[in-house]
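Chemist: Just need the structure, nothing else, for what follows:
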Amino acid sequence: MKQVENLQLLYTLLEVYYTQSLSEAGRKLGKTTSSVSKDISKLREQLDDPLFVRSNNRMLPTEYVKNIAPEIEQMLSDIRHTLTSRNTISNENYRKPIKVAITHILMELYGDEISLQLSKQFPSAKIELMTWDSQTNQHLQDEKIDFGIHLNLVYHPGKIRYKRITATKLVVICPREDTNKPLEQLSQEREFMFLRLKDWNDVESNFFDIAEKNGIPIKHSFVVDNLSTAMKLVNQQKLCFIVPKIIADYYRSPHILWQLPTRGIIIGLYHHAQQNEMLTNIFYDSISQILKSPPATCSLFDSIYE
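Modeler: Got it, this is the predicted structure:
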C-alpha cells in the first residue's frame with residue numbers, strides 16, 4: 001500500500017510538477033535544489049514510481065504524477081481550508097487597504113474592471129492598484145503588497161506563492177495584407193516590436209529566442225516598456241508584434257497564429273505564503289471572472305492598418 005509519511009513532501013511534488021524544475025521549485029519553497037531532490041527521492045520510494053523523468057533540463061512528470069497531482073492539490077487545499085475555516089472574512093466589513101500590483105499590459109486591458117470589481121466586493125476597503133515594477137517581488141515578500149498579477153513569471157522567491165488563473169494563446173500582429181504569410185516570411189520582410197515586462201523578459205527576449213532556435217531569426221527595431229506606445233509604433237511603422245491573443249483582440253488587430261512550440265502565456269496570481277487564505281480565495285474568485293473573459297475592445301485606437 002502506498003503511503004506518504006510527510007505531507008510536506010506533497011507540496012514539493014506539486015511545485016516540481018508545475019515548474020518542471022528542481023531549482024525553481026526550491027526557490028518557490030525556500031529550499032535548496034539538493035533538498036528538493038531529496039524530497040523527490042523519498043517520494044519515489046514511498047510511492048514506488050519514478051515520478052519525474054529528466055529531459056532537456058526539464059523534469060517531466062510520469063503519467064502517475066499527471067493523474068494524482070490535481071487530487072493532491074485539492075486535498076491540500078481542503079486541509080488548509082479546514083485549518084483556517086474559523087478565520088472568516090466579511091467582505092462588507094473588511095476595512096484594511098488591499099494593494100495589488102499588476103503587470104502593465106494587464107493593467108491597461110483590465111485595470112478599470114479589476115478596480116471596480118474589488119471596490120464592489122470590498123466596499124469598506126481602500127483598493128490600490130499599482131503597476132508591477134522592480135520592487136514588487138520584495139514588497140510581496142515583505143507583505144507591503146497583498147497580491148500580484150503577472151504573465152509567465154518565471155522567478156518568484158520562496159515566500160511568494162503562485163496560483164494559475166488562466167492561459168491565452170500567442171499571436172503575431174501584422175499588417176492586414178500579411179495575414180496569409182507564415183512567421184518565417186514575416187521575419188524576412190518586416191521588423192518587429194519588442195515589449196519589455198518587468199520581472200519577466202528584462203534580460204531575455206524569450207519568444208525571439210524560440211523563433212531563432214527554430215531557424216527563424218527575428219529583428220526587433222523598437223524596444224519599449226509601455227503597451228500603448230508599442231501599439232502606436234506598430235501602427236505607424238507597420239511592424240509585427242508577438243503578443244498574447246487578448247491584446248490583438250483588444251486592439252482589433254489583424255494577426256496570424258504563433259505556431260512555434262511554447263507553453264503559451266499563463267496569467268497567475270502571486271501572494272505571500274502567510275496571506276489570509278479566505279481573503280486570497282475571495283480575491284482570486286473575483287479577479288478570475290474578469291481575467292478569464294476577453295477585455296472590452298479599445299475605443300481609443302482604430303483597428304490598425306485599416
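
Chemist: neighbours around the residue nearest to Leu47 when sequence neighbours are not counted, how many?
Modeler: Distances taken as CB to CB, 6 or more residues apart in numbering place Lys2 nearest to Leu47, at 5.2 Å, with adjacent residues excluded. All C-beta spots, glycine's among them, are computed from the backbone N, C-alpha and C. Around Lys2 there are 8 other residues, counting by other CB atoms under 10 Å.

Chemist: And the strands in the stretch 101-250 of the chain, which stretches?
Modeler: Assigned by DSSP state E, counting those that start in this stretch, the stretch 101-250 of the chain shows strands spanning 127-131, 147-151, 160-168, 170-173, 192-195, 220-224, 240-244.

Chemist: Between the ones you listed, which one is closest to Asn57.
Modeler: Among the strands of the stretch 101-250 of the chain, the nearest to Asn57 by CB to CB is strand 160-168 (20.5 Å).

Chemist: quick one on the thing from earlier: can you list the strands of the stretch 101-250 of the chain in JSON lines and add mean pLDDT, mean neighbour count and distance to Arg58?
Modeler: Formatted as JSON lines, the strands of the stretch 101-250 of the chain follow (pLDDT from 0 to 100; neighbours: other CB atoms under 10 Å; distance: least, CB to CB, whole Å):
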{"stretch": "strand 127-131", "mean pLDDT": "96", "mean neighbour count": "15", "distance to Arg58": "32"}
{"stretch": "strand 147-151", "mean pLDDT": "92", "mean neighbour count": "23", "distance to Arg58": "20"}
{"stretch": "strand 160-168", "mean pLDDT": "87", "mean neighbour count": "16", "distance to Arg58": "18"}
{"stretch": "strand 170-173", "mean pLDDT": "94", "mean neighbour count": "24", "distance to Arg58": "20"}
{"stretch": "strand 192-195", "mean pLDDT": "92", "mean neighbour count": "22", "distance to Arg58": "26"}
{"stretch": "strand 220-224", "mean pLDDT": "86", "mean neighbour count": "14", "distance to Arg58": "27"}
{"stretch": "strand 240-244", "mean pLDDT": "93", "mean neighbour count": "25", "distance to Arg58": "23"}
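
Chemist: Make CSV out of those strands and add distance to Trp258.
Modeler: Listed next are the strands of the stretch 101-250 of the chain as CSV, based on distance: least, CB to CB, whole Å:
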stretch, distance to Trp258
strand 127-131, 26
strand 147-151, 15
strand 160-168, 11
strand 170-173, 4
strand 192-195, 12
strand 220-224, 15
strand 240-244, 6
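
Chemist: quick one, which of these is nearest to Leu116?
Modeler: Closest of those to Leu116 is strand 127-131, at 9.1 Å (criterion: CB to CB).

Chemist: And that closest one, what does it pack against?
Modeler: Using 3 or more CB pairs under 8 Å, 6 or more residues apart in numbering; DSSP states H and E as the contact test, the elements touching strand 127-131 are strand 98-102, helix 104-121.

Chemist: so that strand versus helix 104-121, what angle?
Modeler: 180 degrees (axes from the mean of the first three to the mean of the last three CA atoms, to 10 degrees).

Chemist: in its sheet, what does strand 127-131 sit against?
Modeler: Using DSSP bridges, the strands paired with strand 127-131 are strand 98-102 (parallel).

Chemist: Perfect, I'm done here.
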